[in-house]
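**Q** I'd like to go over a predicted model; first the sequence, then the structure.
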Protein chains: 2
Amino acid sequence: MKKRKVSARSVERLSIYRRALLHGLQEYGASVYSHEIAHSCQLTAAQVRRDLMAIGYSGNPNSGYNVKRLLASLAAFLDCHNSCAVAIVGMGYLGRAIAAHLTGRPSKIRLTAAFDVDLDKIGLTFSGVRCHSVRHMPEVLADKHIEIALITVPAEQAQHVAEQLVAAGVVGILNFAPVVLRLHERIYVENIDMIVSLEKVAFFARAGQRRKAR
Amino acid sequence: MKKRKVSARSVERLSIYRRALLHGLQEYGASVYSHEIAHSCQLTAAQVRRDLMAIGYSGNPNSGYNVKRLLASLAAFLDCHNSCAVAIVGMGYLGRAIAAHLTGRPSKIRLTAAFDVDLDKIGLTFSGVRCHSVRHMPEVLADKHIEIALITVPAEQAQHVAEQLVAAGVVGILNFAPVVLRLHERIYVENIDMIVSLEKVAFFARAGQRRKAR
């Protein structure tokens, strides 16, 4: 119940806190203060405390948070109970980069299948994961209980692929194709568009320079 | 002057409007209504009109926006006057995927240099762009007037690379490494963390299923 009240931004921050804790394990020792987490994430300590309180975890003001228990709480909140199987559709450079990224780290999120239309890729193994024909998506997704997928196909194929994924039972999509997917609102879609992000950086970097120049 | 008042989210949306216009050129013909742009971006028409008004562009309620002129206005607002040179540091799978992505499309943003520490990659050409040793970053960046960079190195090297970039005159960074960079506040940093995004998808997709199950 509690989970549904948490915003997308909070979930993102909680995931970033975990990343900071895992990276700083040696540095922190057994316990960590909210201001230390805040510092390594460039947020305020009050924000960190608020987010952690929202998932039912509160620290001791004198000794801080117990790192181990905090990590366990974050995992209990963020992660699937068992491992969470995901698939990538589109094994071009980007698909392969993500496959390598996902399989190179311990996580509850487990890359379990890959798909492509290219006959030269079908049947091959990328980062230990077999690439299937997109025509076999329904069977493979059902067989492996995959409900989350990453779309790394060209823009003009993304909508069609997304519809096929949803028809095969996928409920969450991380979309790298530079299009807005039109799907039923019960499907959770998150978009990453590198060009949009890069245009934003170019824009604000220039704005900063204009400020400097004055 | 006007540019500085626009929020990061507006700039992102303006970039997405442009993407939608370019993808839908045949579909729209010579003119487009705010509700058509809104529909293809899954936003409200009021939001689209507000964003376009903020950059000084307003449509005619009867005939809509002239697509060509709207694209020109968006370009004048979003883009560098001349082309904008960028570099990628870290030519692993992800760096190479982005290089292919950036060089495969017409844009004011032009990938101009790549860097790596790996002797096997230095001297090679990726998507038409030469890979230099990170040791030559200062000269190459200055020589090619590069002020924007993408960081695709492993987490533990990202902070050091970012500092070197800033020392060499870079003012905007798109960071793919899963760490928060600590840099002077005049440097504009945008982060893309695929794992954080994927954890968010997994979280909300599960939340949606719980709702369905009730």
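**A** Sure, I can see it.

**Q** mind listing the strands the strand ranked longest in chain A pairs with, and their directions?
**A** Criterion DSSP state E: the longest strand present in chain A is strand A:109-116. Strand A:109-116 has its sheet partners listed here by DSSP bridges as strand A:84-89 (parallel), strand A:129-133 (parallel).

**Q** please identify the most buried of those.
**A** When the strands paired with strand A:109-116 are scored by mean count of other CB atoms under 10 Å in any protein chain shown, the highest mean neighbour count falls to strand A:84-89 (a mean of 24). Where you see a C-beta, it was placed from the backbone N, CA and C, and this is true even at glycine.

**Q** now find how far off-centre that strand is within its chain.
**A** Relative to the chain's own centre, strand A:84-89 is displaced by 12 Å; criterion: CA atoms, centre = their mean, to the nearest Å.

**Q** and it, C-alpha only, in CSV?
**A** Provided in CSV are the C-alpha atoms of strand A:84-89 (Å, rounded to 0.1, in the frame of the first residue of the first chain):
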residue,chain,number,x,y,z
CYS,A,84,13.0,-9.8,-12.2
ALA,A,85,13.4,-11.0,-15.7
VAL,A,86,13.8,-8.4,-18.5
ALA,A,87,14.3,-8.6,-22.3
ILE,A,88,15.9,-6.3,-24.8
VAL,A,89,14.4,-5.9,-28.3
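
**Q** return the set of buried residues in the very next helix or strand once past it.
**A** Next along the chain after strand A:84-89, taking DSSP states H and E as the criterion, comes helix A:93-103. Buried residues in helix A:93-103, defined by neighbour count with 16 or more other CB atoms under 10 Å in any protein chain shown: A:93-102.

**Q** can you say which two of those are spatially most distant?
**A** Farthest-apart pair in these is A:93 and A:102; separation 15.0 Å (CB to CB).

**Q** including distance to residue A:65, could the strands paired with strand A:109-116 go into JSON lines?
**A** Formatted as JSON lines, the strands paired with strand A:109-116 follow (distance: least, CB to CB, whole Å):
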{"stretch": "strand A:84-89", "distance to residue A:65": "25"}
{"stretch": "strand A:129-133", "distance to residue A:65": "36"}
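
**Q** which of the buried residues of helix A:93-103 are close to chain B?
**A** A:93-94, A:96-98, A:100-102 (CB under 8 Å from any CB of the partner chain).

**Q** need the next SSE after the lowest-mean-pLDDT helix or strand in chain A, C-terminal direction.
**A** Here the helix or strand of chain A ranked lowest by mean pLDDT, DSSP states H and E is helix A:25-28, holding a mean of 72. For helix A:25-28, the following helix or strand on the C-terminal side (DSSP H and E) is strand A:31-32.

**Q** is chain B within reach of that following strand?
**A** No: taking CB under 8 Å from any CB as the criterion, strand A:31-32 and chain B are apart, separated by no less than 15.2 Å.

**Q** adjacent strands (with direction) for that strand?
**A** In its sheet, and by DSSP bridges, strand A:31-32 pairs with strand A:65-66 (antiparallel).

**Q** buried residues, the top helix by length along chain A. List them.
**A** For chain A, the helix with the greatest residue count under DSSP state H is helix A:194-213. Buried residues in helix A:194-213, counting neighbours by 16+ other CB under 10 Å, are found at A:194-208.

**Q** which elements pack onto it?
**A** Counting contacts by 3 or more CB pairs under 8 Å, 6 or more residues apart in numbering or on different chains; DSSP states H and E, helix A:194-213 is packed against helix B:8-23, strand B:84-89, helix B:93-103, strand B:109-116, strand B:148-151, strand B:172-175, strand B:188-191.

**Q** cheers, nothing more for now.
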